[in-house]
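J.: The amino acid sequence is not available; the structure is as follows:
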């Protein structure tokens, strides 16, 4: 035989302050547990996350748009063409034609156009401020 250990209701609530009503009822502490059973889910904090409004920048940094258009007899895969403009973009940065090539400073656009002969192949670079 097994002897059952009986814990007083006040002590049970002290040991298990967030006990659900089903746990209290299963252990015989339903309505006798000293009144209302606390809600198992805590209430969200109503206080604002920040003490005051955060002031942003007065003006945003305007991004330069750089467009590379490749005229090719046999166009490249889009990812290969985009990768091939890296050196050209670095050259524009080193020549101080663009402020930098970081993603927050430029919008990079690439496009390819099929042409009929190798004499017509070229890469055009357009910079929009």
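T.: Good, I have the coordinates. Fair warning: this is a prediction, and the values are worked out from it, not measured in the lab.

J.: Let me see the ranges of the helices in the chain.
T.: 9-15, 21-26, 78-84, 86-94 (DSSP state H).

J.: Comparing these by mean pLDDT, which bottoms out?
T.: Mean pLDDT values for the helices of the chain show the minimum at helix 21-26, a mean of 72.

J.: Can I get the helices of the chain in CSV including mean neighbour count and distance to residue 65?
T.: Placement of C-beta: from N, CA and C, glycine included. As requested, the helices of the chain are exported to CSV (neighbours: other Cβ atoms under 10 Å; distance: least, Cβ to Cβ, whole Å):
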stretch, mean neighbour count, distance to residue 65
helix 9-15, 14, 65
helix 21-26, 14, 61
helix 78-84, 13, 15
helix 86-94, 13, 12
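
J.: Can you add distance to residue 47 and give the ones you listed back as JSON lines?
T.: JSON lines is the format used below for the helices of the chain (distance: least, Cβ to Cβ, whole Å):
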{"stretch": "helix 9-15", "distance to residue 47": "28"}
{"stretch": "helix 21-26", "distance to residue 47": "28"}
{"stretch": "helix 78-84", "distance to residue 47": "47"}
{"stretch": "helix 86-94", "distance to residue 47": "46"}
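
J.: closest one to residue 66 among those?
T.: Using Cβ to Cβ as the measure, helix 86-94 is the one of the helices of the chain that comes nearest residue 66, at 6.7 Å.

J.: ok, and what's touching that closest one?
T.: 66, 68, 98, 100, 101, 106, 108, 123, 125, 127 (Cβ atoms under 8 Å, 6 or more residues apart in numbering).
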